[in-house]
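>>> From the sequence below, what's the structure:
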Amino acid sequence: MLGTKMIRNALIAAACTFTVLGAIPEANAGRGGSPGTIRSAIRSNNADAIVAALEQAENIPCNSDCMGMVMDLLDNDDYRVRQVASWWFARRPAQMKEVAELATAWLTTGSSTDARNGADILGTFGYAKHIATLTTASQKSGLDAPARAAIVKALGDIANKSANATVATAMTDSDASVRLSAVTAWKNMLKQNSAEPVVALVSDSDVQVRRAAISTVGKFRSADARVALEAALASDADSAVRRNAAWALGRIGDAASREVLRAAIDDPSSLVRTTAKVAMGKLR
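Here you go, the predicted structure:
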């Protein structure tokens, strides 16, 4: 992939320097992990084993072979493996910079798969300084839905409100997975105090998006969503959507919702009925 060889060589060079200068044995360090356990886990091709091995090897010194093994995991097909490899590098400042440069190259000129992997790396690193790179990447044409969703997720993982405009734009994406990622990212932003862009998704065509959107507007007590929430409670085919709508209306607390909540007490779902009763007690 683009830039991998150059960045990998830099990482290996740094690792070799560290090993020579430090003269630290690589086995039985950290919390019980070792390059050997990492190698065995990778050979097993089991994501759970790889995650466990890298977590155990969080603090071990790592020579060139070890560094290369983990480097290769950054473009693994399994998100959990990519994430734990990124996390592992995030604990190594000497190598994290080079990995961030690789992620930036993937996002800037790489394929959709490159962009997805680069976004996962920067999201795991969690630095606001990478928001500009992710925002620019979100505007590239030709990226597939998994790449677009990963970019938005990364912005949510960084959780800085300066990404709000990009996340709000993603809520209008044609693919439901991207819209869902955007709603989740919006909800995760630190010091977020409004759900205004999310209101339109209360009536989204995708049930997962509706569930997440209603949960989000309820969290922020978005009064602008009241009418849409009442419609969802009264007629949505999905019981989880109806339950979330009842909960959100209780959070908003507008007495105008009393009738629709009273009707929901006869809902076929016991969860909806119970939630509606509780919500009625919160109306002003």
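>>> Dump stretch 59-69 to PDB, restricted to CA.
Extracted C-alpha coordinates of stretch 59-69, given in PDB (Å, rounded to 0.1, in the frame of the first residue of the first chain):
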ATOM      1  CA  ASN A  59       5.100  -2.100  27.200                       C
ATOM      2  CA  ILE A  60       7.600  -4.500  25.800                       C
ATOM      3  CA  PRO A  61      10.700  -3.300  23.900                       C
ATOM      4  CA  CYS A  62      10.400  -4.400  20.300                       C
ATOM      5  CA  ASN A  63      13.100  -5.100  17.700                       C
ATOM      6  CA  SER A  64      12.800  -4.700  13.900                       C
ATOM      7  CA  ASP A  65      11.000  -8.100  13.400                       C
ATOM      8  CA  CYS A  66       8.500  -7.300  16.100                       C
ATOM      9  CA  MET A  67       7.900  -3.800  14.900                       C
ATOM     10  CA  GLY A  68       7.300  -5.100  11.300                       C
ATOM     11  CA  MET A  69       4.800  -7.800  12.600                       C
END
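>>> mean confidence score for it?
Across stretch 59-69, the average pLDDT comes to 89.
>>> could you list every residue that touches residue 284?
253-255 (C-beta atoms under 8 Å, 6 or more residues apart in numbering). The way it works is simple: take the backbone N, C-alpha and C, and place the C-beta from them, glycine included.
>>> actually residue 72, not the one I wrote
residue 42.
>>> Give me the buried positions along the helix or strand hosting residue 187.
Here residue 187, judged by DSSP states H and E, is contained in helix 176-188. By 16 or more other C-beta atoms under 10 Å, the buried positions in helix 176-188 come out as 176-188.
>>> before we move on, what about stretch 212-228?
By neighbour count on 16+ other C-beta under 10 Å, the buried set for stretch 212-228 is 212-218, 220, 222, 225-226, 228.
>>> so which of those would you say is closest to residue 153?
Nearest to residue 153 among the buried residues of stretch 212-228: residue 212, at 12.8 Å, using C-beta to C-beta.
>>> picking up where we left off before, now the contacts of residue 284 as JSON lines including distance to residue 64 and secondary structure?
As requested, the contacts of residue 284 are exported to JSON lines (distance: C-beta to C-beta, whole Å; DSSP: H, G, I helix; E, B strand; the rest coil):
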{"residue": "253", "distance to residue 64": "61", "secondary structure": "coil"}
{"residue": "254", "distance to residue 64": "63", "secondary structure": "coil"}
{"residue": "255", "distance to residue 64": "68", "secondary structure": "helix"}
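>>> now these as JSON lines including pLDDT?
Below are the contacts of residue 284 laid out as JSON lines (pLDDT from 0 to 100):
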{"residue": "253", "pLDDT": "98"}
{"residue": "254", "pLDDT": "98"}
{"residue": "255", "pLDDT": "97"}
